[in-house]
Each structure stands twice: as C-alpha cells, then as structure tokens.
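**Q** Return atomic coordinates for the entry below.
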Amino acid sequence: MRDILETLDGWCATGTRFAVASVIGTWSSSPRQPGAAMAVSESGEVVGSVSGGCVEASVYELARQALETGEALTETFGVADDDAFAVGLTCGGTLEIFVRPVAEAQFAQWSALAAAVREGRQATMATALSGASAGACLLLRDDGRVTGSLGERDLDAQALARMQRLSPPGPLGESCPGSGWAASADEPSASWPGTSAGAEAADHRAMSMDGPQARDFPAMPLLDNGVTEERLPDGTRLFLETFTEPPRLLIFGAIDYAGALARLGAFLGYRVTVCDARTVFATPARFPDAHEVVVDWPHRWLSGTRVDERTVICVLTHDPKFDIPLLEVALHTDAAYIGAMGSRRTHEDRLRRLRDAGVDARALARLRSPIGLDLGGRTPEETAVSIAAEVIALREGGTGRSLTETLAPIHALRASASFIA
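**A** Model prediction:
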C-alpha cells in the first residue's frame, strides 16, 4: 500500500474517483502478503499489484465493477477454483481480495494517510470488510487525529480501541511490537537458519503449514506489513493496516561498497544513512541514494541516534580506529542486524580487540562477520547483494540455501513479524 499512496493522494487532489484492491488473506504459497494493494482510477489507470501479475487482470475488472456500482466486494482466487488457470494463479496458493470504491466523501482519509506516511508519522487505517458499512474507513494518526467513520459511533469506538493497541509506546519507531529478528545471542549457530540444523528446522516448520491458516484472530497478532484482522462483537470484520516510518539502514564507511549498499537499501525500502568522519569522502554527491550523509566519528554519531529492533547496521570501514569504538556501541543497541566487513583474519583481530575492550561473549555473538552470505561475488554491487541477502534471510527466517535444494513452500509464513509497513 505504501508505494501507491502518493498516486492515490494525487487522484484525491484532482477529484478522481478510484478503487483500491487489497490482499486481506492468503493461504499456502501465495505470491503477495496481506496488505499488498492495487488501485484503479475511474479513467482506467493502474498502480500497484496484488499478486505479482497472477490475477491482476481479473482484479482490474472487479475494481471497475466497484467503481460502477459504488459497492465494496470480496473475491477469492486459488488453484482449487475451476477458473484458476483462467485467472492465472497457477503458481499455487489462495488470495482473498477486498475491493473498495473511493469517492469524494473518503478523499480526506486517504490524503491524511498519505500525509502521515510522507511525514514519517505512524497511522493506522481500519476498513470495514462486511456489514452495511463495508468499504468505510477510519484513520487514526499517532498525534491522535481521527479522520473518517465506519458509519456508526459504536463501531468507530470499538475500532479506535483496537487501533490504539497497535500503537507502540514512546515516539514513533522507538519500540515496535515484537522482538527483533536477529539470531539469539545464546545460540548463534543453531538459531541462524543458514546452518544445516536451522535449515532442517525451517523446512519442517514451513512444511507443517500446508493448508488454510486461521482467519479468525482472537487476539491481535501483527501479520506481515503491519496488517491484522479482527471481528467486532456484532460480527463486522475489520481490516487494520498500520504504517510507520521505514526501517533504518546505517552504513559506516564512505567507500564504494557503501554506495552500492545504499542504492540497494533504498530500493528495498530502508531509510539509508551513510556516516564517515572523513569530510572529503562523506558527501551527498558520492551517495545520491542515501537519505542522509553524516560527517562525524561513527561511534559518537551512533551513540546519539535512534536505533530500534528493525535497524540494520553495516560497518564497512574495516579500520580498527573506526571499527572497535563503533562496534562497542553497536553491539549494545537493539539493532536487528549488525555486520562488519573484513577478511577472516581481520575478524579474528577485531574479536580480540573487542574482548580486550570489555565486550562480552553474548554481545559478540550478535556480530555478523565477515558480513553477508557466501555468493562468490567480488564487486561492490555483488557484495551489496550478499549483505542484503543475509539481512533478508535473517528477517524472514530463510535458510540462505538454493530453493532447488529445499522442500519447504517458497512463500512460507515468516518466522518474525517485527517489521510493519
């Protein structure tokens, strides 16, 4: 949804009606997760995707139908359907799609949501999936502003109570629900799914998830992309989407590898910062893809910046005078991932220096070094892919192995839900 909000805001500004189709449920090997969205304007323009190309043509027609009738609708696509091949979902899995028409009366909610995301504020949108108010939306921002209505005061009150439970304590992004997804410091080898034991566990875990997943959520677990569903006492289904600022990627060392990693990090949706103490190297011109370029001693800057359980820290300097004080700080933060570049000899020397500095074994076990997965790459771009691959594998509970060698479903449920949209 995040990727299409600016376009939707533009349509609202010009008075253009549109329909939004959202994935609200998935089973088995579905290509996209709940929260994926596609929108169709009244002129036929399309943005976004709900299935990576599998069912977009059919969803386009549903969106046109919703625009014509002004009524929301729900449709399920899956390989068990007689027309599965006709709609294109031949890769397996099932998608439940909710399509809601958006007219002038709801433009304010959508523009307010786009503004909140643009400003880096947290916002939660509740959409009624059933009942007389199906398609109606209610928006709650982290500053307490409420926009829209589900049609009844009682429904609004119940929805707001549930939306507030999704808001993390403290300033935005300081404490997100769930723990970080980095491997346990107590059992670094067993918990990293790249090991043979971890791979077998991941295969077993994923293979046990065949068949429909529970659709009625008695509590409110955060699903992928900050999406959850709940039923109100009167039976109304609510679809809740929570948006926060993007996770941060902090890159230390203004070298060519940092430039490649900054490009890839921005592409993957991170807010990227490059930091280096050397003024001549740390310039916006050298790192145009970074959202921020900082000239400061890395350890000093990191000590004063916000690091949460979604933050990725990559130390690329491989120079002890920068690395050691920086890693002393980094290893005592809540960062989800801390990696450091260097040879195995450099890594051993780095561990010795950190131990001498008083860093304990539990903290050292969090360090990913040498950084990245073994892809055999050498160039800055290939190295960036290697680093990003390790980050994604850790975040999603992947094995880091070739899919050809595994038996688990390709799109198994992720092990962690600490990332929200």
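
**Q** those strands in the stretch 101-250 of the chain, which residues are they?
**A** 123-128, 137-141, 146-148, 227-231, 237-243, 248-252 (DSSP state E, counting those that start in this stretch).

**Q** so can I have JSON lines of these showing mean neighbour count, mean pLDDT and distance to Met341?
**A** To be clear about C-beta, it is placed using only N, CA and C from the backbone, and glycine gets the same treatment. Below are the strands of the stretch 101-250 of the chain laid out as JSON lines (neighbours: other CB atoms under 10 Å; pLDDT from 0 to 100; distance: least, CB to CB, whole Å):
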{"stretch": "strand 123-128", "mean neighbour count": "25", "mean pLDDT": "92", "distance to Met341": "37"}
{"stretch": "strand 137-141", "mean neighbour count": "23", "mean pLDDT": "92", "distance to Met341": "40"}
{"stretch": "strand 146-148", "mean neighbour count": "18", "mean pLDDT": "91", "distance to Met341": "46"}
{"stretch": "strand 227-231", "mean neighbour count": "20", "mean pLDDT": "85", "distance to Met341": "35"}
{"stretch": "strand 237-243", "mean neighbour count": "23", "mean pLDDT": "91", "distance to Met341": "33"}
{"stretch": "strand 248-252", "mean neighbour count": "27", "mean pLDDT": "97", "distance to Met341": "10"}
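
**Q** could I get those strands as JSON lines with distance to Ala277?
**A** As requested, these are arranged in JSON lines below (distance: least, CB to CB, whole Å):
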{"stretch": "strand 123-128", "distance to Ala277": "37"}
{"stretch": "strand 137-141", "distance to Ala277": "38"}
{"stretch": "strand 146-148", "distance to Ala277": "45"}
{"stretch": "strand 227-231", "distance to Ala277": "41"}
{"stretch": "strand 237-243", "distance to Ala277": "35"}
{"stretch": "strand 248-252", "distance to Ala277": "10"}
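
**Q** Name the residues of the host helix or strand of Ala388 that are buried.
**A** Of the helices and strands defined by DSSP states H and E, Ala388 is found in helix 380-396. Applying a neighbour-count criterion of 16 or more other CB atoms under 10 Å, one finds 380-381, 383-391, 393-396 buried in helix 380-396.

**Q** nearest to Trp27, of the residues you listed?
**A** Lowest distance from Trp27 to the buried residues of helix 380-396 (CB to CB) belongs to Glu396, with 18.2 Å.

**Q** per-residue confidence for the closest one?
**A** On the pLDDT scale, Glu396 is placed at 83.

**Q** next one: the one 10 residues further on
**A** The model reports Thr406 with a pLDDT of 81.

**Q** ok, Leu264 to Leu249 distance?
**A** Going from Leu264 to Leu249 by CB to CB, to the nearest Å gives 9 Å.

**Q** What is the linear distance spanned by stretch 113-123 between its boundary residues?
**A** 7 Å (CA to CA, to the nearest Å).

**Q** And the helices in the protein?
**A** Along the chain, the stretches classed as helices by DSSP state H are 5-13, 56-69, 84-87, 107-118, 153-164, 188-191, 196-207, 256-267, 298-303, 320-330, 344-356, 361-364, 380-396.

**Q** and those helices, which is most packed in?
**A** helix 256-267 (a mean of 22; mean count of other CB atoms under 10 Å).

**Q** Packing partners of it?
**A** strand 248-252, strand 271-276, helix 380-396 (3 or more CB pairs under 8 Å, 6 or more residues apart in numbering; DSSP states H and E).

**Q** Contacts for that helix, please.
**A** By CB atoms under 8 Å, 6 or more residues apart in numbering, the surrounding residues in contact with helix 256-267 are 249, 251, 272, 274, 286-287, 289-291, 312, 314, 316, 341, 379-381, 383-385, 387-388.

**Q** can I assume Thr399 is in contact with Glu390?
**A** No. The pair Thr399 / Glu390 is not scored as a contact, 11.8 Å apart, by CB atoms under 8 Å.

**Q** Tell me which residues are up against stretch 357-374.
**A** Counting by CB under 8 Å, 6+ apart, 182-183, 185-186, 188, 194, 314-316, 324, 327-328, 331-332, 337-344, 347, 350-351, 354-355, 383, 386-387, 389-390, 393, 400 sit against stretch 357-374.
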